[in-house]
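**Q** Next one to model:
(6 chains)
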There are 4 protein chains.
Amino acid sequence: MIATARPAADTGSTAARILDAAESLFAERGFAGTAVRDIAARCDLNPASLYNHFESKQALYEAVLARGLAPLIEVLRRSAQGDPGPLPADRMIDDVMTLLARTPNVPRLIQQEAVSGGTHLARLVQRWIRPLLAEGVAAARRETAQGWDDDEVPLMILAWMNLVFGPFALAPLLAEVFHVDPLAPEALDRQIRFLKKLARRLRAPDASPHPADPRNPKRTPR
Amino acid sequence: MIATARPAADTGSTAARILDAAESLFAERGFAGTAVRDIAARCDLNPASLYNHFESKQALYEAVLARGLAPLIEVLRRSAQGDPGPLPADRMIDDVMTLLARTPNVPRLIQQEAVSGGTHLARLVQRWIRPLLAEGVAAARRETAQGWDDDEVPLMILAWMNLVFGPFALAPLLAEVFHVDPLAPEALDRQIRFLKKLARRLRAPDASPHPADPRNPKRTPR
Amino acid sequence: MIATARPAADTGSTAARILDAAESLFAERGFAGTAVRDIAARCDLNPASLYNHFESKQALYEAVLARGLAPLIEVLRRSAQGDPGPLPADRMIDDVMTLLARTPNVPRLIQQEAVSGGTHLARLVQRWIRPLLAEGVAAARRETAQGWDDDEVPLMILAWMNLVFGPFALAPLLAEVFHVDPLAPEALDRQIRFLKKLARRLRAPDASPHPADPRNPKRTPR
Amino acid sequence: MIATARPAADTGSTAARILDAAESLFAERGFAGTAVRDIAARCDLNPASLYNHFESKQALYEAVLARGLAPLIEVLRRSAQGDPGPLPADRMIDDVMTLLARTPNVPRLIQQEAVSGGTHLARLVQRWIRPLLAEGVAAARRETAQGWDDDEVPLMILAWMNLVFGPFALAPLLAEVFHVDPLAPEALDRQIRFLKKLARRLRAPDASPHPADPRNPKRTPR
DNA sequence: GATGAATGAGGATTCATTCAT
DNA sequence: AATGAATGAATCCTCATTCAT
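**A** Purely as a prediction, here's the structure:
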């Protein structure tokens, strides 16, 4: 099993309890795979009651996205706008990963939507992904400017999006493969350190790849 | 819309036509979101006919996975076992990306499953992901040995998995954001070149641009 | 058509209305032959509504059996435990037949199950038939002790089971053959009198069968 | 499990194999509960092939009934018409039971139909039950004439029908209850002896154990 | 005579949603 | 705000049957 975070807040309003239940289920099973009845069951509610708080399954889904994505954008914005400091990328990694550690369902929700390309996607992109990417572009330009062409920036953004979201989105798979919880604090710490190291290397100019490649000295022809 | 490849197969056997239709739909909408009726409609078949070829929706789904993943593992294996040559990672990137360009649904299928953590996941991992990772580990160890600790290897594998699958899996999102088909040949070429450059940099020692860099840069109080 | 009794119950709760509809249909057509949709139609309900009251067709079927068989067992028990009196069998026949006259579907349900030997049978036997037979055995032993061996008791029980249930279970056939309703009060009265007479004869020692057997001893002329 | 008889004849024509498979399945599960596909599977045939031999499921069902019932009527007729002998009922019991022992599915088929009262019933009655009863009436009149009123004859016929068919029809139930095969030779022998004893007693005048017996013995107040 | 593939009708059940209470 | 009951649409799947091979 995977740590699901956001544990105590659920004792709040009914709407919040519903959002929590819905978030985890949507993250697990996607929109189509989640039954309203199951959301209701998870917060000890009659399915009908749910409609006192949200107009429809669709509306609930969008509320879940909004609640999950707003803080992410906010963090990105603040992280990008703050005092650049010596290592802006490092701080951004820290900030974003720290946030995602508390809302690990968010990357899964995005991934689900991104893969699906359903009707929601256009809206998702318009309302959330674009602002999110805008922040990313600014940061990326500043950070990885060394040795990267302009038309490589989108690829770099996409790469970082995958590098950052991936470990969260694939958490169920990783848990199954390695039998450890990839969302445990120490695992996340390791991931953060790894990402920083990675960022450092990407910032560097290329290593002269194989000057006199000791690894495979004599290219034996076949 | 996104290029879906495998166009000519439609003229093949009925079973192949069903697999094609199912693959694209499962990739788009996931298992739960795909209706058997829609699969049938997409290959001009009565839903009942489908059951002459596959025992159930579940069995069809697994056949889709098998057909999609077997070549991927095969390519990885061959790419890893072949003559290493001077730049094994480059060749692997070439091989894998070339294959995925022809079967762009496969990464989406994996991503869908990986995120969901459903009942299928355990089987998927056991039968497909583990062999796939095994090949990856071998390659990664050889390639990225310079300057990476042993316990960073799994993270590196995961990172590459995300870097390689990501552009395919998120193709719908990218198409929505950039209004270009990320699976078009030139886009893929650019992606391949980008990944190779990335691999080269990761192979290099750190640029260590900030020699006196303490571990945690979050000094600046907010 | 055959009188189906239990007419007023329709005004009862929805669950009771469903049970009534299901009982008559299961009795008529058996479990497999009965469509949920038909049950729903018979009580002016949407098929889906039915699932608000019973978990499945199977569960509904079992509820029907329970409702029908519990009173039968109860009557048998009371009839057996009561003051034996001079003619216990007669009273038992009265009691059981009177009950069955009000729930004529019950013998048909049992017969359907008994003949089929399906999956339900084992449960039916365990929960209902065994207790039912237990009462029967006690009664039979007391009643028909005269002139019957111990190992004939099970056969006697079975015989009476057939004699008592048969007229109800075969009611549709009898109606078709004789063009009268075998469940009409006067028909049932005649049946009860017949069974009592039969019981009386079975209690007697054998008639010296054919003392000086001319083919047909005393052809009492008609 | 219950002995199903008719073992070797199946090596005959395909049609006979189909009839055998259909007979046992119809007896087990009734008409509605039996799938053509299952009949086909039981005789290692493609469902489509079945239609080379029978026009429809319905036609197959009727062929099964015809094949099963014709011998029964024939035996009854012969048994009734033959030299009456000293104990005509005994010989009839012998004949019928011996036949049914070889075709134990027949009583189950009749019972299934008789209970159901379906569309087939009318035809079944017209073509098979009436002739069958006609023979029965003749025999019954001759045999049990002593001490039975005219209007009791139908009841007597029905009673005997239940007594004779019951043990076969309820075989699955009996097997479940007593954990013995009620169709085993020794069980059938016992049954035959029991029926003969029963017939003898029914032929006798009442034991009239309670000379001053009021109609309703339920005197004892509770 | 046998079969694989195809199909319209119907099977039970689940779905999101509504509404009176 | 909460719920039990109701429902039309849709779910996956099975059915008896047909037909070209």
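
**Q** Now residue A:133. Nearest residue, chain neighbours left out?
**A** residue A:157 (6.2 Å; CB to CB, 6 or more residues apart in numbering or on different chains). The C-beta positions use only the backbone N, C-alpha and C, and glycine is treated the same way.

**Q** That neighbour is in contact with residue A:137, isn't it?
**A** Yes - counting by CB atoms under 8 Å, residue A:137 is a contact partner of residue A:157 at 6.2 Å.

**Q** the more surrounded of those two?
**A** residue A:157 (19 against 15; other CB atoms under 10 Å in any protein chain shown).

**Q** now for the host helix or strand of the more buried one, which elements pack on it?
**A** Assigned by DSSP states H and E, residue A:157 belongs to helix A:153-169. Where contact means 3 or more CB pairs under 8 Å, 6 or more residues apart in numbering or on different chains; DSSP states H and E, helix A:153-169 is packed against helix A:88-102, helix A:105-116, helix A:130-143, helix A:185-203, helix B:105-116, helix B:153-169, helix B:185-203.

**Q** again, 6 Å this time
**A** When contacts are defined as 3 or more CB pairs under 6 Å, 6 or more residues apart in numbering or on different chains; DSSP states H and E, helix A:153-169 sits against helix A:105-116, helix A:130-143, helix B:153-169.

**Q** residues in contact with the last one?
**A** With CB atoms under 6 Å, 6 or more residues apart in numbering or on different chains as the test, helix B:153-169 has contacts from A:115, A:159, A:162-163, A:166, A:194, B:100, B:104, B:107-108, B:111, B:136, B:140, B:144, B:191.

**Q** which one of the helices and strands packed on helix A:153-169 is the most hemmed in?
**A** The highest mean neighbour count among those, using mean count of other CB atoms under 10 Å in any protein chain shown, belongs to helix A:105-116: a mean of 26.

**Q** returning to that earlier point: just send the helices and strands packed on helix A:153-169 back as TSV, with mean pLDDT too.
**A** Listed next are the helices and strands packed on helix A:153-169 as TSV, based on pLDDT from 0 to 100:
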stretch	mean pLDDT
helix A:105-116	89
helix A:130-143	74
helix B:153-169	91
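
**Q** mind listing what's buried in whichever helix or strand comes after the helix holding residue A:157?
**A** For helix A:153-169, the following helix or strand on the C-terminal side (DSSP H and E) is helix A:171-178. Buried residues in helix A:171-178, counted by 16 or more other CB atoms under 10 Å in any protein chain shown: A:171-177.

**Q** Next: stretch A:28-48.
**A** A:28-34, A:36, A:39-40, A:43, A:45.

**Q** Relative to DNA strand E, which of those is nearest.
**A** residue A:36 (3.7 Å; CB to the nearest atom of the strand).

**Q** Low-confidence regions, chain A specifically.
**A** A:1-11, A:82-88, A:118-119, A:140-146, A:204-222 (pLDDT under 70).

**Q** Enumerate the residues of it near DNA strand F.
**A** Residues of chain A lying near DNA strand F by CB under 7 Å from any atom of the strand: A:14, A:45-49, A:51-53.

**Q** can we see that at 6 Å?
**A** A:14, A:45-46, A:48-49, A:52 (CB under 6 Å from any atom of the strand).

**Q** any chance of the residues you listed in a markdown table, plus distance to residue A:122?
**A** A markdown table is the format used below for those (distance: CB to CB, whole Å):
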| residue | distance to residue A:122 |
| --- | --- |
| A:14 | 31 |
| A:45 | 31 |
| A:46 | 33 |
| A:48 | 31 |
| A:49 | 31 |
| A:52 | 29 |
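
**Q** Now the two most distant members of those residues.
**A** Pairwise distances across these (CB to CB) peak at 13.1 Å, for the pair A:14 and A:48.

**Q** Taking helix B:105-116 as reference, get the angle to whichever strand or helix holds residue A:24.
**A** Secondary structure from DSSP H and E places residue A:24 in helix A:14-33. Helix A:14-33 runs at 150 degrees relative to helix B:105-116, counting by axes from the mean of the first three to the mean of the last three CA atoms, to 10 degrees.

**Q** what packs against the next helix or strand after helix A:14-33?
**A** Note on helix A:14-33: by DSSP H and E, the next helix or strand toward the C-terminus is helix A:36-42. Other elements packing on helix A:36-42 under the criterion 3+ CB pairs under 6 Å, 6+ apart are helix A:14-33, helix A:47-50.

**Q** With distance to residue A:70 added, can I get those in JSON lines?
**A** Shown next, in JSON lines, are these (distance: least, CB to CB, whole Å):
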{"stretch": "helix A:14-33", "distance to residue A:70": "12"}
{"stretch": "helix A:47-50", "distance to residue A:70": "22"}
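
**Q** Generate a markdown table for those helices, with distance to chain B as supplementary columns.
**A** Formatted as a markdown table, the helices and strands packed on helix A:36-42 follow (distance: least, CB to the nearest CB, whole Å):
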| stretch | distance to chain B |
| --- | --- |
| helix A:14-33 | 3 |
| helix A:47-50 | 18 |
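
**Q** check whether stretch A:61-79 contacts chain B.
**A** No - figure legend: stretch A:61-79 not in contact with chain B (CB under 6 Å from any CB of the partner chain); closest approach 8.1 Å.

**Q** Could I get the CA-only coordinates of that stretch as PDB?
**A** Extracted C-alpha coordinates of stretch A:61-79, given in PDB (Å, rounded to 0.1, in the frame of the first residue of the first chain):
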ATOM      1  CA  TYR A  61     -14.000  15.900 -10.400                       C
ATOM      2  CA  GLU A  62     -13.200  19.400 -11.300                       C
ATOM      3  CA  ALA A  63     -13.400  20.500  -7.800                       C
ATOM      4  CA  VAL A  64     -10.800  17.900  -6.900                       C
ATOM      5  CA  LEU A  65      -8.500  19.100  -9.700                       C
ATOM      6  CA  ALA A  66      -8.900  22.700  -8.600                       C
ATOM      7  CA  ARG A  67      -8.100  21.900  -5.000                       C
ATOM      8  CA  GLY A  68      -5.100  19.900  -6.000                       C
ATOM      9  CA  LEU A  69      -3.600  22.100  -8.700                       C
ATOM     10  CA  ALA A  70      -4.100  25.500  -7.200                       C
ATOM     11  CA  PRO A  71      -1.400  25.000  -4.500                       C
ATOM     12  CA  LEU A  72       1.000  23.500  -7.100                       C
ATOM     13  CA  ILE A  73       0.700  26.600  -9.300                       C
ATOM     14  CA  GLU A  74       1.000  28.800  -6.400                       C
ATOM     15  CA  VAL A  75       4.200  27.100  -5.200                       C
ATOM     16  CA  LEU A  76       5.700  27.300  -8.600                       C
ATOM     17  CA  ARG A  77       4.900  30.900  -9.000                       C
ATOM     18  CA  ARG A  78       6.400  31.800  -5.600                       C
ATOM     19  CA  SER A  79       9.400  29.600  -6.200                       C
END
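
**Q** Could I get the buried residue list for it?
**A** For stretch A:61-79, by 16+ other CB under 10 Å, it's A:61-65, A:67-69, A:72-73, A:75-76, A:79.

**Q** In contact with residue A:152, which residues are there?
**A** residue B:194.

**Q** Could you measure from it over to residue A:158?
**A** Distance check for residue A:152 against residue A:158: by CB to CB, to the nearest Å, it reads 10 Å.
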